[in-house]
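Novice: quick check, what structure comes out for this input:
(one chain, ligands or ions: 1)
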Amino acid sequence: MGFRVFCSNSMTLIWGTLVVFLFVYALYVLLNIHKRKRFPPSPTGFPILGHLLLLAGKNPHQHLQKLAKKHGPIMYVQLGLVPAIVVSSVDAAEKFLKTYDHMFASRPHSEASQYLSYGQKSLIFAKYGVYWRNMRKLCAVHLLSNHKINSFQSMRKQEVQLLIESIKKEAHDCVVVDLSARILSLNANLTCLMMFGKKYMDEDLDKRGFKAIVQDVVDLASTPNLGDFFPFLGVIDLQGLNRKLKDLSKVFDEFLERIIDEHVEYHDRDQTKDFVDTMMDIMQSGEAEFQFDRRHIKAILLDMLLAAKDTTASTVEWILTELLRHPQVMKKLQNELQEVVGLERMVKESDL
Ligand code: HEM
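Specialist: So this is what the prediction gives:
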């Protein structure tokens, strides 16, 4: 009996959802029919899903590239209820990213951005507008100014020196060194020292470790989420992605809260002010021209943590890989180092 009641309830829910879904879709098609005429060329899509299936599979960019060859460098695709433009040539990209940048610079709403940026409060996910401009100015002036970045110079020198000393020793002992892991760890240490004033161990964030958690963020943020293409499906969370995003955001939030609490409890006046100190000062002084509380501090910290982690490390990794693949360039670089810096000292930031 209980089973039958459950079945009939869930069937009603499924039919109800389907009817609402079809109604919203029909309304959407009717309202947009006149606009479609002005859109760029588009491949044939499915009703309701549109071209959403193009995003399935491992390499969606390759499907899009093939279609662009047929439909042109500016192509229209319909991702569920979301209209999108695919740009596939340098000239067209320049128009979107440079000439008309201000029209396309904003960030769309997405389920991932809601969970990973305290409701689009971070720089990376904020919509283009007054809030983004204020927040960007605040970061440029207080966190990323030459003066602030230079104040960490001796710390950076010390950390690079530690790495070089350990590689020298391992080379002497003929031990194999995993350079990728070392660069990643150097980068993590530099980022933590500048942002939080101290190094953190991998498991301080979560028992799975920082790398696994960041990988989860990348995977979840890049998996097509049905809630982004059919906003009314976000609440149902058919793929379970929102639940996972919520869990991840909780891990980050607890970590960042702990760091802010530590800064509130203890502040070493002799130490260079890290990003948390600086933002706490701004919050307490009320000098920001917009609402700036703990959520904004956490959103910016999370931005920097995620944005600085892989980008810098993989840039260095690629540089080293390409140098190994091109011995003549490596030789040129070694000669330049010998002539300009010499072999007796480390490269200084002022040498660059
Ligand atoms: C080689 C290293 C890096 C590369 C290649 C890189 C690349 C990028 C790119 C392509 C964007 C998107 C720009 C746009 O959408 O207009 C971006 C944005 C951003 N990056 Fe980086 N980045 C690097 C290092 C860093 C570091 C070290 C930090 C933080 C300390 C950082 C913080 C940010 C932030 C906050 C944004 C958002 C800016 C905004 O939307 O206003 N990045 N980065």
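Novice: use CA for all of it now, contacts and neighbours both
Specialist: Noted.
Novice: okay, now Ala173: neighbour count?
Specialist: You called it Ala, but residue 173 is Asp. 9 (other C-alpha atoms under 10 Å).
Novice: and for Gly16?
Specialist: Neighbours around Gly16, by other C-alpha under 10 Å: 11.
Novice: which element follows the host helix or strand of it toward the C-terminus?
Specialist: Remark: Gly16 resides in helix 2-36, with elements defined by DSSP states H and E. Next along the chain after helix 2-36, taking DSSP H and E as the criterion, comes helix 60-71.
Novice: quick one, the helix or strand just after that following helix and helix 60-71 angle?
Specialist: Where DSSP H and E defines the elements, the next helix or strand beyond helix 60-71 is strand 74-79. Orientation check (axes from the mean of the first three to the mean of the last three C-alpha atoms, to 10 degrees): strand 74-79 against helix 60-71 gives 130 degrees.
Novice: quick one: strand 74-79 to chain centroid distance?
Specialist: 24 Å (C-alpha atoms, centre = their mean, to the nearest Å).
Novice: which strands and helices sit next to it?
Specialist: The contact analysis (3 or more C-alpha pairs under 8 Å, 6 or more residues apart in numbering; DSSP states H and E) places strand 74-79 against strand 82-87.
Novice: got the contact list for stretch 292-304?
Specialist: 116-118, 121-124, 195, 252-253, 256-257, 276, 279-280, 283, 286 (C-alpha atoms under 8 Å, 6 or more residues apart in numbering).
Novice: and with 10 Å instead?
Specialist: The contact list for stretch 292-304 (C-alpha atoms under 10 Å, 6 or more residues apart in numbering) reads 116-125, 135, 139, 191-192, 195-196, 249, 252-253, 255-257, 259-260, 275-276, 278-280, 282-284, 286, 305-308.
Novice: what does stretch 342-352 give?
Specialist: Looking at what lies outside stretch 342-352 - C-alpha under 10 Å, 6+ apart - the contacts are 150, 153, 156-157, 160-161, 164, 334-338, 340-341.
Novice: determine which two of these are furthest apart.
Specialist: Using C-alpha to C-alpha, the pair of the contacts of stretch 342-352 lying farthest apart is Asn150 and Asn335, separated by 28.1 Å.
Novice: quick one on the thing from earlier: for ChimeraX, write the select line for the buried members of the contacts of stretch 292-304.
Specialist: In ChimeraX, a selection of the buried entries from those looks like this (16 or more other C-alpha atoms under 10 Å):
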select :116,117,118,119,120,121,122,123,124,125,135,139,191,192,195,196,249,252,253,256,259,260,275,276,278,279,280,282,283,305
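Novice: which members of the contacts of stretch 292-304 additionally contact the ligand?
Specialist: 123-124, 307-308 (C-alpha under 6 Å from any ligand atom).
Novice: now tabulate those in a markdown table and tack on secondary structure and pLDDT.
Specialist: Shown next, in a markdown table, are these (DSSP: H, G, I helix; E, B strand; the rest coil; pLDDT from 0 to 100):
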| residue | secondary structure | pLDDT |
| --- | --- | --- |
| Leu123 | coil | 93 |
| Ile124 | coil | 92 |
| Ala307 | helix | 88 |
| Ala308 | helix | 87 |
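Novice: Met330: neighbour count?
Specialist: Other residues near Met330 come to 15 when the count uses other C-alpha under 10 Å.
Novice: skip the chain neighbours and tell me the closest residue to it.
Specialist: Spatial nearest neighbour of Met330, chain neighbours left out: Leu323 (5.2 Å); criterion: C-alpha to C-alpha, 6 or more residues apart in numbering.
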